[in-house]
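In: following is a predicted model, sequence given first.
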2 protein chains.
Amino acid sequence: MVPAGVAPWKEGLLKALSKNKGLANAKYVQIATVRPDGRPSNRTVVFRGFLRQITNDLTFITDRRAKKVAEIAANPWAEVCWYFPNSREQYRLGGSLTIVDETCADEVLAKARRDTWHNISATGREQFSWPDPGLPRNQDRSEYDISMTEEESAIAAKEFCLMVLKVTEVDYLLLKGNTRHVFDIISGPEGTLEWQETDVNP
Amino acid sequence: MVPAGVAPWKEGLLKALSKNKGLANAKYVQIATVRPDGRPSNRTVVFRGFLRQITNDLTFITDRRAKKVAEIAANPWAEVCWYFPNSREQYRLGGSLTIVDETCADEVLAKARRDTWHNISATGREQFSWPDPGLPRNQDRSEYDISMTEEESAIAAKEFCLMVLKVTEVDYLLLKGNTRHVFDIISGPEGTLEWQETDVNP
């Protein structure tokens, strides 16, 4: 569970995005998960915005056949590391992941999945019809020559998943001035959950 | 154990570094480890070169008081994610970490630690005399006003550690052209270890 309302770290993250928007990779983050053998995995994914904009949940996309989907089913915990080169800031965002696929019964999440599909490029959509990611490659490259009709492109591909990170802890570092703030969730005086912000040594 | 000789992925990684050297953050990578509670951690660290240049082992530095040192003592597995913005390439480098601190009895590693200390800036060195990273901050900022004498600066700080990644698997992705190669270690025909390179679907 997470506190209601806008998280105290969200405004800073949006500002960092704005300060770095000139960079092609400002929305590229690294997301770590844990494999079934207990070793970590780490790869770059593209931030696709906050779920319904008003929440504090980060969204990404993935192919259902990617290894991380099976990893997340066994262990949903993840940590995103987001480094902003222009402003020299780092956000570490820890929390649990939910995979939203075509069978999702939650209408809010199912709609978010469909909306995200419509926001990705035609080239981005075609990748979900490529051969299984990670498997040895067939040298016949025609398997990659996908051209979807407008009708096909309108419907989210079977393999297309939205990946939603519900953030429960944040570690913010500003290299300029060596500022570091940690945000975690505590029980407030009335038993409701609250974000707590602590100024810590860098 | 890893195969003898230069790994087949090393040349490409050095080329990527060279193609991106104009970027201040070309040597910034994200390294994921697993916490004792089974959740992943992920943070940015700076690549400090290959151990003794001739090996395939990546080096980084850390403060002995950083959380990751305790995490690595319990679970040495790590995955580095290294994204090169100019050439649009990603290297994922998995393997096990060794922490080299001032008690290290291996003379080769101990020398590498001392050499790395001499290669970091005066400002970089002073950080190892700062208050414990991650602990609540004392508002008296004078604790950060360290000025080392030349003599003090010449000797690696007690808290200064070299972090060595022995790579056992590599996943290389070139976004331009969607090329993906996986490198892993297999037993060769004569029982010696060898690197195997596989062309896989992106």
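Out: Nice, thanks for sending it over.

In: so is stretch A:90-103 next to chain B?
Out: Yes: using CB under 8 Å from any CB of the partner chain, stretch A:90-103 comes into contact with chain B via A:90, A:92, A:94. (Glycine included, C-beta is placed from N, CA and C.)

In: ok, now which ones touch the first one?
Out: Residues touching A:Gln90, when contacts are defined by CB atoms under 8 Å, 6 or more residues apart in numbering or on different chains, comprise A:81-84, A:172-173, A:175, B:43-44.

In: could you redo the residues of stretch A:90-103 next to chain B as a markdown table and give each row secondary structure and pLDDT?
Out: What follows is the residues of stretch A:90-103 next to chain B, written out as a markdown table (DSSP: H, G, I helix; E, B strand; the rest coil; pLDDT from 0 to 100):
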| residue | secondary structure | pLDDT |
| --- | --- | --- |
| A:Gln90 | strand | 98 |
| A:Arg92 | strand | 98 |
| A:Gly94 | strand | 98 |
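
In: pLDDT of the biggest helix by length in chain A, averaged?
Out: Counting by DSSP state H, the longest helix found in chain A is helix A:107-119. Regarding helix A:107-119, the rounded mean pLDDT is 98.

In: restricting to C-alpha, output the lowest-mean-pLDDT helix or strand in chain A in PDB.
Out: Lowest by mean pLDDT, DSSP states H and E among the helices and strands of chain A is helix A:150-154, with a mean of 91. Taking Å, rounded to 0.1, in the frame of the first residue of the first chain, the C-alpha atoms of helix A:150-154 are listed here in PDB:
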ATOM      1  CA  GLU A 150      -4.200   0.100 -40.200                       C
ATOM      2  CA  GLU A 151      -6.700  -2.400 -38.700                       C
ATOM      3  CA  GLU A 152      -4.000  -4.600 -37.200                       C
ATOM      4  CA  SER A 153      -2.100  -1.700 -35.800                       C
ATOM      5  CA  ALA A 154      -5.200  -0.300 -34.100                       C
END
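
In: picking that back up, and the next helix or strand along the chain from the longest helix of chain A, which residues are buried?
Out: Using DSSP states H and E, the helix or strand that follows helix A:107-119 in sequence is helix A:122-126. Judged by neighbour count (16 or more other CB atoms under 10 Å in any protein chain shown), helix A:122-126 contains these buried residues: A:125-126.

In: contacts for helix A:122-126 next, please.
Out: Taking CB under 8 Å, 6+ apart as the rule, helix A:122-126 contacts A:117, A:146-148, A:153, A:157, A:160.

In: out of those, which end up buried?
Out: By 16+ other CB under 10 Å, the contacts of helix A:122-126 give A:117, A:157, A:160 as buried.

In: pull the longest strand from chain A.
Out: strand A:160-174 (DSSP state E).

In: partners of the next helix or strand after it in the sheet?
Out: Per DSSP H and E, the first helix or strand lying C-terminal to strand A:160-174 is strand A:179-187. Partner strands for strand A:179-187, per DSSP bridges, with pairing direction: strand A:160-174 (antiparallel), strand A:193-199 (antiparallel).

In: what residues does strand A:179-187 touch?
Out: Residues contacting strand A:179-187 (CB under 8 Å, 6+ apart): A:2-3, A:7-9, A:168-174, A:193-202, B:134, B:137.
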